[in-house]
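# here's a sequence, model it:
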Amino acid sequence: MVLALTLRVAASALRRPRTLHLGDDRNQVAELYLPAGPPPAAGFGVAVVLHGGYWRTQYGKLTCRPLAARLQQLGWAVWNVEYRRVGAGRNGGGGWPETFEDVAHAVDALADLGAADPHGNHGIDAPLDLRSVVVLGHSAGGQLALWAAGRSQLPSGTLGAEPRVRPSAVVALAPVTDMTSAGEAALHLLGGDAATYPERWAGADPTRAAPPDVPTLVVHPQDDQTIPVVRSRTFVERCRAAGADVTLADPPGEGHQHVILPGSRSWAAAESFLEAHRAGVQRPQ
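Here you go, the predicted model:
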């Protein structure tokens, strides 16, 4: 009830977003929220938001609208992405490769927002700073965010490789960092197990993929009953041992959903990281 109320209040406070179509499927869309007021000289930094829900059809971008509201208030242009998910019905059609194609295309589409395109979008009136594109993802969206940020490390010719827009940082919120532990949900997403599809798992599973090569924050509340915090601790330790710039914030007393609620201790950690990162990107060289 508290989460539903928060969603309604936050959504009602938003300036109406613009929905942009990125493909022919109804789920290939993103909501664009632009801050009020004039942009910085280099343009607005962009926060790409990827919702969670174990990649399944019953969850969608609505769950991340509170974050969009807060990020918009902080002066970020927000790109709240929908993608095809696993399951039957109007929200289905996802899995491998469709879910990953949608995420990759949504990030790369930021390079085209200033011009018309075949899907009926006619550009925007505010410049975007593509040096400052931060990908945030919650739960299964955290796995997708880590994958999206690591696309430049994928072998040439593989799904998602050679991105047009390269994120400058990642925030993974109570993420799926070990896809084996996600059980049937991960098997449905990737079409089978790691023995059957080793290349898919090598790129998509954070425990198997190369550590992030951009600044990364993992926020994982200690009392998360959906995804145990120990999985993120193990992931961060592995990345740091490999020399990656990966930090863990694991506040006590909060659970899996708190991390996407502005005003929580978990979200405060994410917000501090984002503001510090933006200040560093905007600092004169």
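# can you confirm residue 46 is in a strand?
Yes. The assignment for residue 46 by DSSP: H, G, I helix; E, B strand; the rest coil puts it in a strand.
# any stretches of the stretch 1-150 of the chain with poor pLDDT?
Residue ranges of the stretch 1-150 of the chain with pLDDT under 70: 1-15, 114-123, 125.
# I'd like to know how far residue 279 sits from residue 45.
Residue 279 sits 10 Å away from residue 45, going by Cβ to Cβ, to the nearest Å. For glycine as for every other residue, the C-beta is placed from the backbone atoms N, C-alpha and C.
# of those two, which one has the most company?
Set residue 279 next to residue 45 and count neighbours by other Cβ atoms under 10 Å: residue 45 wins out with 27 against 9.
# I figured the more buried one hits residue 129, correct?
Yes. Between residue 45 and residue 129 there is a contact under Cβ atoms under 8 Å: 5.2 Å.
# helix or strand right after the longest strand seen in the chain?
Determined from DSSP state E, the single longest strand within the chain is strand 128-138. Downstream of strand 128-138, the next assigned helix or strand under DSSP states H and E is helix 140-149.
# that next one - contacts with which helices or strands?
strand 44-50, helix 98-108, strand 128-138, strand 169-173, helix 198-204, strand 216-219 (3 or more Cβ pairs under 8 Å, 6 or more residues apart in numbering; DSSP states H and E).
# distance to residue 31 for these - can I get that in a markdown table?
Output for those, formatted as a markdown table (distance: least, Cβ to Cβ, whole Å):
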| stretch | distance to residue 31 |
| --- | --- |
| strand 44-50 | 9 |
| helix 98-108 | 11 |
| strand 128-138 | 14 |
| strand 169-173 | 18 |
| helix 198-204 | 25 |
| strand 216-219 | 23 |
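# so where is the stretch 151-285 of the chain shaky, pLDDT-wise?
By pLDDT under 70, the weakly predicted segments of the stretch 151-285 of the chain are 282-285.
# helices of that one, start to end?
With DSSP state H, counting those that start in this stretch applied, the stretch 151-285 of the chain shows helices at 184-190, 198-204, 229-241, 265-282, listed in chain order.
# so which of the ones you listed comes closest to residue 41?
Counting by Cβ to Cβ, residue 41 lies closest to helix 265-282 out of those; the figure is 9.0 Å.
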